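Novice: my questions concern the predicted model and sequence given below.
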Amino acid sequence: MGRSRVLDHSKIRAILPHGHPMVLVDQVISLKLGASIIGIKAITGSEPCYHSLPQGLGPERYAYPISLLVESFGQTAAILWLESIKSFNQDLDRVLMFTSVRNLRIEGQAFPGNILRHVVRLDNIVGDNVFVEGETWVEDRQIAIIESMIAAVRPRSVVIEYATPSGAGMPRDLDDTATDMRFLSSRQWLARSENSPSPRASRKEEKSSST
Amino acid sequence: MIASVGREDMEDIIVNDSLRFAAPFRCVEHIRIVNCEDGLTLHATKVIDPTDPYLSGHFPDLTIFPGVFIIESLCQTVTLALGELEGLLPQIATLRSVRFLAPLFPGNRMTMRATIGPLSVKKTFEVDAQCQRNDGVMVARLKVKFRYGEIARA
């Protein structure tokens, strides 16, 4: 279908519309046009997301933010799509807008020093929508599974028009979905699980308190 | 703005201090925790500031608040409002469904309303959130499963 090649960071900067420090793909180690891509992102403690952390926090507080992980995966997908349409001589005055995610499961965390490896597969193109799926790895640990991420292809001019505050035709309903929640405060909400656990949970607690 | 339904109480959090967990930047400025018979709801606001870290790169010629930072905003709102359980913070377990409907630009005020579902025995809970721009346009809908605790490593 396509041929494998490697993209270095200078090529990635030329492909993506993003600028520093929002370029969250360092390298592409596999690219099969119209099919799949493997993108690499090295996490370092000098990134802006670690800038304002006070001293003395536990290691878990240094987990790489999920928002940036999803962005990094999405940019890898964008490179695949942008390179693929280039090869098919498609209309280039279009941009890819991240429109939705379905069932993105977080299975692990990444920390400074880790290298993220995003494996992205082009699933489908339906009308103006591009569907991708894939996983994110750190060495042999799978830390995220992305069932479906959808981007919409839009003419560049339409995106700029969104800047006008008319917002015509956008959904406005703020109706609550039905809930059966019956608790009073966030602290009581937390205490609820500790004070009235199910029989299964209390057995677990007994076990752990005896150790 | 907030429906008055009898027995309800509120608590306001103004987010001024540095966050105590890694985050792109403060993606929420004010949180109102509303407790009423219908359950626990969080109302959060954020004015889009083009000088916030990362935004200079999204994009160099036109600032658009990245959709993933709406996810970040929900994550921070939930974390700051609910706080620790047994020393651990809530974290995203599954993005069940996230839809970005319209963009946010510098100067726009984002208002988020998130309803918090009950905590399960596995220390997970479901959050249903909607975000609006100050002109009333819906910008995002999110259904996210959170969990407290360490994530098992493969």
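Specialist: Thanks, I have the structure now.

Novice: so, low pLDDT: which residues of chain B?
Specialist: B:1-7, B:151-154 (pLDDT under 70).

Novice: strands along that one, start to end?
Specialist: B:9-14, B:30-36, B:39-47, B:90-100, B:109-116, B:124-133, B:138-148 (DSSP state E).

Novice: report the inter-axis angle for the fifth one versus strand B:124-133.
Specialist: Computed with axes from the mean of the first three to the mean of the last three CA atoms, to 10 degrees, the direction of strand B:109-116 lies at 160 degrees from that of strand B:124-133.

Novice: show me what strand B:109-116 is packed against.
Specialist: For strand B:109-116, the packing partners by 3 or more CB pairs under 8 Å, 6 or more residues apart in numbering or on different chains; DSSP states H and E come out as strand B:39-47, helix B:67-82, strand B:124-133. From N, CA and C alone the C-beta is placed, and that goes for glycine too.

Novice: now the fourth one
Specialist: Under the contact criterion of 3+ CB pairs under 8 Å, 6+ apart, the helices and strands touching strand B:90-100 comprise helix A:66-87, strand A:94-106, helix B:67-82, strand B:124-133, strand B:138-148.

Novice: go again using 10 Å as the cut-off
Specialist: helix A:66-87, strand A:94-106, strand A:141-155, helix B:67-82, strand B:124-133, strand B:138-148 (3 or more CB pairs under 10 Å, 6 or more residues apart in numbering or on different chains; DSSP states H and E).

Novice: now that strand and strand B:109-116, what's the angle there?
Specialist: Using the same axes, to 10 degrees: strand B:90-100 against strand B:109-116 is 120 degrees.

Novice: returning to that earlier point: can you redo the helices and strands packed on strand B:109-116 as JSON lines with distance to B:Val28?
Specialist: JSON lines is the format used below for those (distance: least, CB to CB, whole Å):
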{"stretch": "strand B:39-47", "distance to B:Val28": "5"}
{"stretch": "helix B:67-82", "distance to B:Val28": "5"}
{"stretch": "strand B:124-133", "distance to B:Val28": "11"}
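
Novice: burial count for the closest residue in space to A:Ser87 that isn't next to it in sequence?
Specialist: Take A:Ser87 and drop its neighbours on the chain: the residue closest to it by CB to CB, 6 or more residues apart in numbering or on different chains is A:Leu33, 4.9 Å away. By the criterion of other CB atoms under 10 Å in any protein chain shown, A:Leu33 has 20 neighbours.

Novice: swap in A:Ile29?
Specialist: Neighbours of A:Ile29 using other CB under 10 Å come to 13.

Novice: is it in contact with A:Ser36, as I believe?
Specialist: No. Look at A:Ile29 against A:Ser36 with CB atoms under 10 Å: they stay out of range, at 11.6 Å.

Novice: contacting residues for A:Gly127?
Specialist: By CB atoms under 10 Å, 6 or more residues apart in numbering or on different chains, the contact set of A:Gly127 is A:152-153.

Novice: how near is it to chain B?
Specialist: Remark: distance between A:Gly127 and chain B (CB to the nearest CB, to the nearest Å) = 16 Å.

Novice: let me see the backbone angles for that residue.
Specialist: Phi and psi for A:Gly127, reported as degrees, to the nearest 10, are phi 60, psi -120.

Novice: and it, what pLDDT?
Specialist: Looking at A:Gly127, its pLDDT reads 81.

Novice: the helices in chain A, which residues?
Specialist: With DSSP state H, the ranges of helices along chain A come out as A:9-15, A:66-87, A:156-161, A:186-195, A:199-210.

Novice: for the closest residue to B:Leu74 other than its chain neighbours, list each beta-bridge partner.
Specialist: Spatial nearest neighbour of B:Leu74, chain neighbours left out: B:Ala129 (5.2 Å); criterion: CB to CB, 6+ apart. Applying DSSP bridges to B:Ala129 gives these bridge partners: B:Ala114, B:Leu142.

Novice: isn't B:Ala129 up against B:Val78?
Specialist: Yes. B:Ala129 is within contact range of B:Val78, at 8.8 Å (criterion: CB under 10 Å).
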